[in-house]
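Student: Structure, please.
(2 chains)
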Amino acid sequence: MTKDAKDVIIIIIKIVEKAYEPVTLNTIEKNIPSMYKPGKKKISLLLNELINKQEIFSWPYSKGKKRFWNKDPDIYSYNKTFEILSNTPLTRVELQNKLQKVMFGCSKSKAEEIRKKNILSLIKEKRIFQHPLLFRQKTARFSTSLPDPAPYLTNLKKDFLKICNKLTKSGLTIDKIYTSVCKELTPLNLPESEKKNCLLNNISQNKRLNYEKIIIKTILEIEPDVKKQPLISIEKLRDKSDIPDNIFDKNILILADKGKIWLHRHAYPANAKKKEVVIDKNDNYYMGIVFRN
Amino acid sequence: MANPFISAITTDPWDSIEENSVSEINKNAFDLCCTSLKTIPNQKRTVSLLFHGEPGSGKTHLLNRLRVYAYSQQNLHIFISVRLQSSPHRFWRYLRKSFIESLMHKKKQYTQLEKLIFHKLKIISGKKTIKIKELDYIIEQLGVQCSLSFNLCSIIKHIVLKKHQKETLSWLKGLSLPELSIKKLGLSEKKNSCKNYEEEDIAREFILEICRLAGHKIPVILCFDQVEALQRYQKGDPESLFAFGQAVGAIHDQTNNVLIVSCIQSFFIDLLKNSVMESDYDRMAVYQSTLNPLTKEQALKLVYMRLKACPDITKSRIDFLLLKYKKELNFFISDHGEVARKIISKCASLFNIWEKEKLPETERFSTLDAFLTKELLVRETLTKKNLEPSKANDIIQSSIPSILNIIDNDWKESEKELPNGIDMILYNKNSKTGISFCNHENMKKLVVKLKHIDTLINNKQLDKIILVRHKDLQINKTAKKTQLYFEKLQKENTVITENPDNTVLSALESLRSLLSDAKSGDLSKSGVSVEFNSVKNWIESKLSDSVKDLLIKITDKEIVLKNHGKFDPLSDILEIIDKEKIIEVAKIAEILSLSTEEILKSVKKSEFKIGLLSNSPPVLFQFINLETNIMDN
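Tutor: A predicted model of the protein is given here:
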């Protein structure tokens, strides 16, 4: 490769790197300083070379034009799908329309292809959930959170009020009926671990479960002066936060991914007890956390 | 082209780093150091800081930055760095030696100690130059003002006049001096005592004297690195940490100008807290800070600084390489961040691939056995170069308990008060061996010690006593009494004389430093810390004959090496599988130069991490633990 070609490659990488969205061949050509301009054919060849080396990525066509960017479209669309669904539950079509926009105007068929692929893998990884159909709903919705049980209980509420009407006439108070219903529905015979789950489910019956908030609250309880960035052991945090172990582990890693906490590795993981560590998918054993300011 | 990432990991606070630092990395911790340093002269009080971080998070680098910062200040600062690779029984003596070694570091043409003394003399005299005839009077004034001992005042005079430099240095380090040298230096000799605690007291008083000499206007930065290395035994050593806590507490209370900085690994914080007294912990950790992993942005800045500091790389090349690093590090560093050591190591291997097309010999896969053998050899060579008989006591006392405990974890060092003449007692359920260091240059002191041992034999407190005297140290022909005692003791059944030479001592010292580095997370292979257990297993199967012989003398037992002297390749197999994920057994056998049977035998021990497909050809693969998978919940 000539020295000139090397220079043009550096320039192309910089143009693609600086761009806020995928750029077309024309845009790249326009932005190359005139003294380096090698012609469209040469640029196209260099772009193919960079794509083969995975230095840049080829993006889905928009308005019939090929586009290039430094972000992998597969990873980008995957993350965006997750992000979109974390805001509100959406149907397939709603998601597809949003994806078409975030993918900077790709074709409908491409957006559909992306949507299908990503929904499939996100569900498989249990990062998103398909919500059961509600009364009058015809298409399923998808979200990063589990369905809120409240809307599904509307009929139950109506039935309960009917029963209340009947029984109050015979002299029973609503409080007594309610206590009796609670007794009937409390899962007394469940094992301890399940009871813990139920208890936690009850905490946010009408809201989205938010274990992250519980963990952060516990961190602040253990070390109120987080500005000093003290190290809190996983063992202590686990004990105090009182969340089932698997959910605790998952949420610690999510908090770290979101940049809310730092994780500190254990130097001798072989000697560590299960309670003392959180393990990520790469087999890193973390023993402590530090709240990031 | 030189790789800008090779040797870029700070292992010593005295390394030169000015060009490589990124101020944003560990900013909180560094700012805390600077603020505390300003507090000392203003508030006339000692301040202590405790830093914790993962192995490779930049603890030593932080100390280095602190030293550079302190040296750049207008007023004089003293910087002392102590790697805690010592026995708790010799803690103060070790600290004294480390103090002096740090004080002897030169900045421009003068050592820190010379600068300190000249500065103080200038203040006392009020002049820039002092006449020799005035010197005695001014030093006397200095002694009175700072409550210095007669001996230290005499030594100060020799330092100023640059006289008897070798003897002066030996005295400062607390080493034994022959009577002639003591006379030459004009020192007053205390009554001949060989009690362990008295020697520790003397060393402690000396350190406090140096701090008093500096006074509150000259802050003394006292950095403790590798605190984990204080632990002598595999199953914890609270006594050592307790002694460390007591020492820090004493320095905190008895000085008013010290910035005590202790660096430990994150996982160690609870163990330290539980091992030291609560009041000592409070004194040790008046302020705390954490050294966190680097973010992607910080990592890129670090890469940029390293590339910029390399004169062979042009600016346009830096831009190009930076883009490539950005892409690679984007995948390498997770959103949790990554420690500096791993990032630098990754960058070093990437640089080799990009710039040299293929990996140099040193960068190809090396087995843990080969790595540790090489590491030990390098350490042995370096130790031998600077080895003097005067170091024998320190080396034996700090190395033997931990090495012995690895070979047989029943053996420990006694924490009880030692009888006169004995420096260390090693014991197990059935046996008690006393060790007496007889490496004295001063024959008067040696004879007193031998007398004590003679008395001790009759008491039968110990099953065996080993007299240690370096092979190169001769007993003066004129020292008849000493010779007589030696001869008498050698005839006793329970007394053994051991004359270690430099080969044994360097082997012991290298093993100790290897263990200490492993305990402190400072022993890294390709950027990853080698676990203490791996080093322990390796020592168990690879102990040299010279060290083995010495251990046999102590324990009276034959030492059988694990696996008949062969090191288990499991850790290497795990490392390769971690990289390759799936690989033929034959291929691994080829990389490790072992037979397929040996590989399969080793793999069976780790069924939970390695899977085996016994088809033809047999293949190994990495197990992914679905229970630990974040996505699986």
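Student: Kindly report the residues of the stretch 101-250 of chain A close to chain B.
Tutor: A:Glu125, A:Lys126, A:Arg127, A:Lys228, A:Gln229, A:Pro230, A:Leu231, A:Ser233, A:Asn246, A:Ile247, A:Asp249, A:Lys250 (CB under 8 Å from any CB of the partner chain). Every C-beta, even on glycine, is put in place using the N, C-alpha and C of the backbone.
Student: Kindly write the ChimeraX command that selects the buried subset of these.
Tutor: This is how ChimeraX selects the buried members of those, with burial counted by 16 or more other CB atoms under 10 Å in any protein chain shown:
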select /A:127,229,230,231,233,247,249,250
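Student: mind listing which of the residues of the stretch 101-250 of chain A next to chain B are in helices?
Tutor: Members of these lying in helices (criterion: DSSP state H): A:Asn246, A:Ile247, A:Asp249, A:Lys250.
Student: export those residues to CSV and tack on pLDDT?
Tutor: Written out in CSV, the entries for those read as follows (pLDDT from 0 to 100):
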residue, pLDDT
A:Asn246, 82
A:Ile247, 85
A:Asp249, 89
A:Lys250, 87
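Student: if we can go back for a sec, tell me which of the residues of the stretch 101-250 of chain A next to chain B is nearest to A:Ser170?
Tutor: Nearest to A:Ser170 among these: A:Ile247, at 44.1 Å, using CB to CB.
Student: So which residues of the stretch 1-150 of chain A form strands?
Tutor: A:23-24, A:57-62, A:65-69, A:129-131, A:141-143 (DSSP state E, counting those that start in this stretch).
Student: Closest one of the ones in helices among the residues of the stretch 101-250 of chain A next to chain B to chain B?
Tutor: For those, the minimum distance to chain B (CB to the nearest CB) is 4.0 Å, reached by A:Lys250.
Student: Report how many residues lie close to A:Asp283.
Tutor: 14 (other CB atoms under 10 Å in any protein chain shown).
Student: how close does it get to chain B?
Tutor: 7 Å (CB to the nearest CB, to the nearest Å).
Student: Checking my notes, that residue in a strand, right?
Tutor: No. Judged by DSSP: H, G, I helix; E, B strand; the rest coil, A:Asp283 forms no part of a strand; its state is coil.
Student: Can you check the pLDDT for it?
Tutor: With respect to pLDDT, A:Asp283 scores 77.
Student: ditto for B:Arg67
Tutor: 92.
Student: May I have the helix or strand that contains it exported as CSV, CA atoms only?
Tutor: Per DSSP states H and E, B:Arg67 falls inside helix B:59-72. Presented in CSV, the C-alpha positions along helix B:59-72 are these (Å, rounded to 0.1, in the frame of the first residue of the first chain):
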residue,chain,number,x,y,z
LYS,B,59,-1.5,2.1,44.1
THR,B,60,2.2,2.2,43.6
HIS,B,61,1.8,4.7,40.7
LEU,B,62,-0.2,6.9,43.1
LEU,B,63,2.7,6.9,45.6
ASN,B,64,5.0,7.7,42.7
ARG,B,65,2.9,10.7,41.8
LEU,B,66,2.8,11.8,45.4
ARG,B,67,6.6,11.7,45.5
VAL,B,68,6.9,13.8,42.3
TYR,B,69,4.4,16.2,43.7
ALA,B,70,6.2,16.5,47.0
TYR,B,71,9.5,17.1,45.3
SER,B,72,8.0,19.8,43.1
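Student: Next up, phi/psi of whichever residue of the stretch 401-550 of chain B sits closest to chain A, please.
Tutor: When distances are taken as CB to the nearest CB, the stretch 401-550 of chain B reaches nearest to chain A at B:Gly521, 5.0 Å away. The phi/psi pair for B:Gly521 (degrees, to the nearest 10) reads phi 70, psi 20.
Student: How about it: what's its closest non-neighbour residue?
Tutor: B:Pro55 (2.6 Å; CB to CB, 6 or more residues apart in numbering or on different chains).
Student: Would you confirm that that neighbour contacts B:Gln265?
Tutor: Yes. Contact criterion CB atoms under 8 Å: B:Pro55 and B:Gln265 qualify, at 6.0 Å.
Student: Overlap in contacts, these two.
Tutor: A:Ala267, B:Ser520, B:Gly521 (CB atoms under 8 Å, 6 or more residues apart in numbering or on different chains).
Student: number of nearby residues for the first one?
Tutor: Using other CB under 10 Å as the criterion, A:Ala267 is surrounded by 23 other residues.
Student: Looks to me like it is in a helix.
Tutor: No. Counting by three-state DSSP, A:Ala267 is located in no helix; its state is coil.
Student: and the gap between it and B:Phe267?
Tutor: Distance, A:Ala267 to B:Phe267, using CB to CB, to the nearest Å: 5 Å.
Student: picking up where we left off before, any idea which of the ones in helices among the residues of the stretch 101-250 of chain A next to chain B is closest to A:Asn87?
Tutor: A:Lys250 (20.3 Å).
Student: So B:Pro55 and B:Gln265 - more neighbours on which side?
Tutor: Neighbour tally, B:Pro55 and B:Gln265, criterion other CB under 10 Å: the higher count belongs to B:Gln265, 30 against 23.
Student: beta partners of the more buried one?
Tutor: Under DSSP bridges, the beta-bridge partners of B:Gln265 are B:Gly53.
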